[in-house]
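Visitor: I would like to see how this sequence folds:
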Amino acid sequence: RAKIKKNRSQIEEDVGKELRVTGRITTQSANLAAVLRRFTGLEENVIELVRMDRNRENAKVETPVDVTTEIERVVAAAERKSAEDRRVAGENDGLEEAERVGDGAATRNPLSKFSVRLLGESRHTK
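Guide: This is a model prediction of the structure:
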């Protein structure tokens with residue numbers, strides 16, 4: 001009987017050790033999964049940084065020293081363009097409608113030719 005008790009307690013100790021080892025393995029497995037997730041995220045970030053570095057080599061970004069002066073230059077250029085557009089529009093006011101249509105045929109709405117033709121046909125048929 002003493003031998004059975006001794007063997008039984010030995011088995012219980014072995015089972016306890018196995019359970020502790022299994023618990024540690026489970027914990028380490030969860031930790032390893034978390035590390036792998038972080039590593040994957042880090043790997044993606046490194047790849048993105050390498051891509052950005054390559055793109056940076058191809059792109060040159062300039063920031064003006066004085067932003068206010070740069071804004072004033074852009075606004076002045078826009079005002080000059082607007083004044084030029086108004087001047088050109090004023091010169092075109094004297095043109096006949098047929099001349100304007102002939103000159104701007106490439107920029108006309110493609111549907112407008114159909115509406116003009118339909119209107120013209122309806123005038124001739126009446």
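Visitor: make it CA atoms for all contacts and neighbour counts henceforth
Guide: Noted.
Visitor: mind checking the SS state of V65?
Guide: Under DSSP: H, G, I helix; E, B strand; the rest coil, V65 falls in the coil class.
Visitor: quick one: the strands in this protein?
Guide: Counting by DSSP state E, the chain has no strands to list.
Visitor: for it, which spans come out with low pLDDT?
Guide: Applying pLDDT under 70 to the chain picks out residues 57-64, 92-126.
Visitor: which helix is the longest one in it?
Guide: Ranked by residue count, the top helix of the chain under DSSP state H comes out as helix 2-58.
Visitor: burial of E70, as a residue count?
Guide: Using other C-alpha atoms under 10 Å, E70 has 13 other residues around it.
Visitor: typed the wrong thing, it's G23
Guide: G23 has 12 neighbours, counted by other C-alpha under 10 Å.
Visitor: same check, this time on D85
Guide: Here the count is done by other C-alpha under 10 Å, and D85 has 12 residues near it.
Visitor: what does the one 5 residues further on give?
Guide: Using other C-alpha under 10 Å, the number of residues around G90 comes to 11.
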